[in-house]
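A.B. asks: How does the following fold in three dimensions:
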Amino acid sequence: MFGFFRSKRPKPPSGRDGTDRGILVFEHTSEVIRAEKALKRDGWAIRVMGPPPEVRSGCDLVIEFPLMEKLNIVRTLKQEGLTPLDAVPVSGPLLKPVEIFQVKDLGRYLMVRAANMKLTVDKETSVIVNVSGGGCPDVPYLAAQLVGRHLAEAPSPNELGHTLCGYALHLAYEEMKRRCLP
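C.D. replies: Numbering: from 1, shown residues only. Down below sits the predicted model:
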């Protein structure tokens with residue numbers, strides 16, 4: 001009975017609500033993306049982070065989750081056909097996931113870096129002035145579709161790209177919107 005009746009309102013991530021956290025480790029980035037969508041759709045309080053060096057397995061993303069809900073979250077993932085390589089409790093500073101966002105104020109411009117992708121916006125006009133980073137083949141296309149457009153009117157990188165770079169750019173785009181748009 002426990003865990004089956006939960007609120008659809010997510011709790012704050014990263015232990016700010018006093019709960020212990022764990023990380024889900026996957027073999028491929030595509031699995032992290034699918035898991036994130038499924039878990040958020042079901043209302044779980046999760047977030048995508050960079051893995052700590054001790055648990056890196058080839059994929060450079062992990063999902064942080066409320067540790068008390070491990071069994072229910074793993075059950076949700078199995079229903080989606082996803083099985084994490086490991087579910088590790090964050091029991092100390094060496095196992096703490098790494099924030100994937102870096103924000104740099106460049107005077108008139110604000111740059112948000114998510115993993116290997118950077119998005120830069122003119123703070124006065126909210127126009128995207130640069131997209132850089134990554135090595136995926138869709139980066140030039142993504143840049144062409146975003147640069148010169150107002151942040152509120154630019155298409156979501158998730159709608160345009162299907163690579164790790166596109167996903168990382170989408171994270172930077174969402175963080176930039178959170179910081180710059182009312």
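A.B. asks: residues in contact with the biggest helix by length in the chain?
C.D. replies: For the chain, the helix that runs over the most residues, judged by DSSP state H, is helix 164-180. Applying Cβ atoms under 8 Å, 6 or more residues apart in numbering, the set of residues contacting helix 164-180 from outside is 29, 33, 48, 60, 100-101, 103, 110, 112-119, 121, 123, 126, 131, 133-136, 138-139, 142, 146, 151-152, 154, 156-158, 160-161. Bear in mind the C-beta positions are built from the backbone N, C-alpha and C, glycine included.
A.B. asks: can you rerun that using 6 Å?
C.D. replies: Applying Cβ atoms under 6 Å, 6 or more residues apart in numbering, the set of residues contacting helix 164-180 from outside is 29, 33, 101, 112, 114-117, 119, 121, 126, 134, 136, 138-139, 142, 151, 157-158.
A.B. asks: Go through that helix and flag the buried ones.
C.D. replies: Neighbour-count burial for helix 164-180, with 16 or more other Cβ atoms under 10 Å as criterion, is recorded at 164-177.
A.B. asks: what about the helices in the chain?
C.D. replies: Secondary structure of the chain by DSSP H: the helices cover 29-41, 70-79, 139-146, 157-160, 164-180.
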